[in-house]
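> Okay, here's the prediction I keep looking at, along with the sequence it came from:
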Amino acid sequence: MEKDKMGQYIAQCRKRRGMNQKELAGLLHVTEQAVSRWERGVGYPEITLLISLAQALHVSVVERRKRGCSRRWNIR
């Protein structure tokens, strides 16, 4: 998945859960700056965080393609 699309998806899911970046960062034990970088498309979360990130955002970790953009992450 492209960084910007993944970042937009993370931000969308976070906002849907009513969380700010600081709250998400606290759940994942990362900095607010890390969450900001992901959401701006500057970088990806570390692979070791994907399951925790999915759980925090209440999304499945199973990848689904839609119009060339992964809506979920694949860790099977």
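Cool, the structure landed. Numbers count the residues shown, from 1 in each chain.
> gap between G18 and H58?
For G18, the distance to H58 equals 11 Å [C-beta to C-beta, to the nearest Å]. All C-beta spots, glycine's among them, are computed from the backbone N, C-alpha and C.
> Which other helices and strands does whichever strand or helix holds Q33 contact?
Counting by DSSP states H and E, the element that carries Q33 is helix 32-40. Where contact means 3 or more C-beta pairs under 8 Å, 6 or more residues apart in numbering; DSSP states H and E, helix 32-40 is packed against helix 3-16, helix 21-28.
> Can you give the distance of the longest one from its chain's centre?
Right, helix 3-16. In terms of C-alpha atoms, centre = their mean, to the nearest Å, the centre of helix 3-16 is set 6 Å apart from its chain centre.
> just stretch 34-51 next, same as before
6 Å.
> what comes into contact with that stretch?
Outside stretch 34-51, the residues that touch it by C-beta atoms under 8 Å, 6 or more residues apart in numbering are 2-8, 10-11, 14, 21, 24-25, 28, 30, 53, 61, 73, 75.
> Can you turn the buried part of those residues into a ChimeraX selection?
Only the buried entries of the contacts of stretch 34-51 go into this ChimeraX selection, using 16 or more other C-beta atoms under 10 Å:
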select :6,7,10,11,14,21,24,25,28,30,53,73
